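Undergrad: Have a look at this fold, sequence not included:
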């Protein structure tokens with residue numbers, strides 16, 4: 001991935017976060033949802049950091065809002 005441009009890396013991080021989030025709904029064990037939630041958060045945290053570093057404030061804010069949404073969904077649907 002070291003040959004990726006910043007834009008491509010951001011797109012990849014976002015896509016990976018969304019894949020992890022989508023997979024949370026297909027798990028059979030709560031532990032699996034926990035792992036996927038952690039993955040989604042990590043990808044979004046990396047995307048936020050990169051967007052901030054390269055001055056893409058709107059993208060950083062969008063990723064932050066998406067992260068907040070995923071956290072809220074996880075807490076309401078997966079935490080017992």
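TA: Sure, I can see it. Just so we're clear, the structure is a prediction, and the values are computed from it rather than from any experiment. Residues are numbered from 1 along each chain as shown.
Undergrad: rest of the way, CA atoms for contacts and neighbours
TA: Noted.
Undergrad: ends of stretch 49-66, how far apart?
TA: End-to-end distance of stretch 49-66 (CA to CA, to the nearest Å): 14 Å.
Undergrad: List the buried residues of that stretch.
TA: 49-51, 59-60, 63-64, 66 (16 or more other CA atoms under 10 Å).
Undergrad: what's the answer for stretch 73-80, then?
TA: So, applying 16+ other CA under 10 Å, buried residues of stretch 73-80: residue 74.
Undergrad: Can you say which two of the buried residues of stretch 49-66 are spatially most distant?
TA: Maximum pairwise distance among those (CA to CA): 15.4 Å, between 50 and 66.
Undergrad: ok so, going back, next step: the buried residues of stretch 49-66 restricted to helices.
TA: Judged by DSSP state H, helices contain the following of the buried residues of stretch 49-66: 49-51, 59-60, 63-64, 66.
Undergrad: Just the pLDDT for residue 19.
TA: Looking at residue 19, its pLDDT stands at 98.
Undergrad: Same question for residue 2.
TA: Residue 2 carries a pLDDT value of 62.
Undergrad: ok, now residue 78?
TA: 85.
Undergrad: hmm, back to that, sort out which one of the buried residues of stretch 49-66 lies nearest residue 76 for me.
TA: Comparing these against residue 76 with CA to CA places residue 66 closest, at 15.4 Å.
Undergrad: How about the contacts made by the closest one?
TA: By CA atoms under 8 Å, 6 or more residues apart in numbering, no residues touch residue 66.
Undergrad: Show me which residues of the helix or strand residue 11 falls within are buried.
TA: Assigned by DSSP states H and E, residue 11 falls within helix 6-24. By neighbour count with 16+ other CA under 10 Å, helix 6-24 contains the buried residues 9-10, 12-14, 16-18, 20-21, 24.
Undergrad: Tell me how many other residues crowd residue 33.
TA: Residues lying near residue 33 (other CA atoms under 10 Å) number 21.
Undergrad: ok, it to residue 7 distance?
TA: 29 Å.
Undergrad: I'd like the distance from the helix or strand containing residue 75 to the chain centre, please.
TA: Per DSSP H and E, residue 75 falls inside helix 57-77. Distance of helix 57-77 from the chain centroid (CA atoms, centre = their mean, to the nearest Å) equals 8 Å.
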